[in-house]
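1. sharing a model prediction with you, sequence too.
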Amino acid sequence: MGWKRGGRQTDGETRSIDRNALGIGIATGAYALSFGAISVASGLTILQTQTLSLFMFTGASQFAFVGVIGAGGGAVIAIVTAMLLGARNSLYALSLGPVLSQKRSAIPITALLTIDESTAMALRYDQSKKASRRAFFATGISVYVFWNIGTLFGSLGASALSDPGILGLDAAIPAGFLALLWPRLTGGSRSENRKMWALAITSAAVAVVLIPFLRPGLPVLFSALVAVAASLLWGKTSRPIEGE
Amino acid sequence: MWASILIASFGTYVEKLVGYLLPHHMLERESIRRMTGLLPVSMLAALVAVQTFAVDQTLAIDARLFGLGVAVVALLLRAPFLVVIIVAATSTAFVRWLGWLP
């Protein structure tokens, strides 16, 4: 990882942050293999797939984007879907701003690295700003590197296959979304999890019912209205915004 | 295709940037915060359902549903992400190969 040891933090704390960051990076890198494969199976080129991982760099949005393209939903719906899923990153940035408190010149890179994993790590090591900052950047950089390496190998591997359907890659897509969703259904308190399950099942049902009536991609956008309705309905009950 | 990739990448990047640059009160409203937290749950659940049951604009029950069921079992057993995806894909391919489901 190339992080210098020492500084004013204790060595043990730094080591534990770096070790966790590396582990998270490797895990998401393995996941990126499937993104690369699915993206190529959806019709994107290797270079297009890599561009998404280099510049979009937010997993759920990337999966959704190639999912809509692959289903024939078209560019506009793919873009809107990716952006709605990415809206949570604005909130992450908002809560990280004061924690990371950095020079303005560092903001463009910091923004790029703002994802579920780096945010969760920065908020977990909140004993000092220094620890938070190291956790954020160690995790962000580690995930960025492994995510892009994984994407490349995944897309190279899938483009070597003649028919990805033979390997069941079409089933890998919903499984991938489910794996992204899972921590949000099981990570909270019991009553919170129940609410998330209710929201998820309702949204899924709405989308399925709409499939015959709307062009591909639109049912998922309509399901976003279920989230809007739920947030109005549930009023002041708060829930954490961190996922995985 | 390239245009939509670049627009989507730029858009999602600006979303990240906005949180650092805009005055805090714009995103601090509790209602917006709550809604943004719920959006991924709704949309990911809808994506799971659509990618499992849709063939263009018709509904179908095929081997993908079997693969999703296997993925649920893997998640319940706390399998890591990649394992979940690999067992879903290979089990789907397997029941297709057996000819049990299209």
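-> That came through fine. Numbers count the residues shown, from 1 in each chain, chains lettered A, B, ... in the order given.

2. tell me the pLDDT of the closest residue to residue B:2 other than its chain neighbours.
-> In space, residue B:2 comes closest to residue A:48 once its chain neighbours are excluded; the distance is 6.9 Å by Cβ to Cβ, 6 or more residues apart in numbering or on different chains. Where you see a C-beta, it was placed from the backbone N, CA and C, and this is true even at glycine. As predicted, residue A:48 sits at a pLDDT of 98.

3. list the contacts for the residue positioned nearest the centre of chain B?
-> Nearest residue to the geometric centre of chain B (Cα atoms, centre = their mean): residue B:44, 4.3 Å. Listed by Cβ atoms under 8 Å, 6 or more residues apart in numbering or on different chains, the contact partners of residue B:44 are A:60, A:85, A:177-178, A:180-181, A:184, A:200.

4. run the last query once more with 6 Å
-> Residue B:44 sits next to A:177, A:180-181 when contact means Cβ atoms under 6 Å, 6 or more residues apart in numbering or on different chains.

5. surely residue A:64 and residue A:85 touch.
-> Yes. Counting by Cβ atoms under 6 Å, residue A:64 does reach residue A:85; the two are 5.4 Å apart.

6. neighbour-wise, which of those two wins?
-> For residue A:64 versus residue A:85, the count of surrounding residues by other Cβ atoms under 10 Å in any protein chain shown is larger for residue A:64: 32 against 28.

7. what's the local residue count around residue A:124?
-> By other Cβ under 10 Å, the residues close to residue A:124 number 15.

8. what pLDDT does it get?
-> pLDDT, residue A:124: 85.

9. do the same with residue A:169
-> pLDDT, read off for residue A:169, is 78.

10. ok, residue A:60 next?
-> Residue A:60 carries a pLDDT value of 92.

11. same check on residue B:28?
-> Here the pLDDT value assigned to residue B:28 is 65.

12. the one 5 residues further on too?
-> pLDDT, residue B:33: 79.

13. how much space between it and residue B:6?
-> Applying Cβ to Cβ, to the nearest Å, the value for residue B:33 to residue B:6 is 29 Å.

14. quick one: which of the two has more around it?
-> With neighbours defined as other Cβ under 10 Å, residue B:33 and residue B:6 compare such that residue B:33 has more, 19 against 15.

15. grab the nearest non-local neighbour of that one.
-> residue A:91 (6.2 Å).

16. what about that neighbour, which helix or strand?
-> Taking DSSP states H and E as the criterion, residue A:91 maps to helix A:75-100.

17. neighbours of the residue of chain A found nearest chain B, how many?
-> Nearest residue of chain A to chain B: residue A:93, at 2.4 Å (Cβ to the nearest Cβ). Residues lying near residue A:93 (other Cβ under 10 Å) number 24.

18. just checking, it touches residue A:114?
-> Yes. Counting by Cβ under 6 Å, residue A:114 is a contact partner of residue A:93 at 5.1 Å.

19. anything in contact with each of those two?
-> Applying Cβ under 6 Å, 6+ apart, one finds that residue A:93 and residue A:114 are jointly contacted by residue B:16.

20. list the contacts for residue 16?
-> In the absence of a named chain, this looks at chain A. By Cβ under 6 Å, 6+ apart, residue A:16 has no neighbours at all.

21. ah, no, chain B please
-> If you count contacts by Cβ under 6 Å, 6+ apart, residue B:16 has them with A:89, A:93, A:111, A:114.

22. at 10 Å what do you get?
-> Going by Cβ atoms under 10 Å, 6 or more residues apart in numbering or on different chains, residue B:16 touches A:56-58, A:86, A:89-90, A:92-93, A:96, A:107-108, A:110-115.
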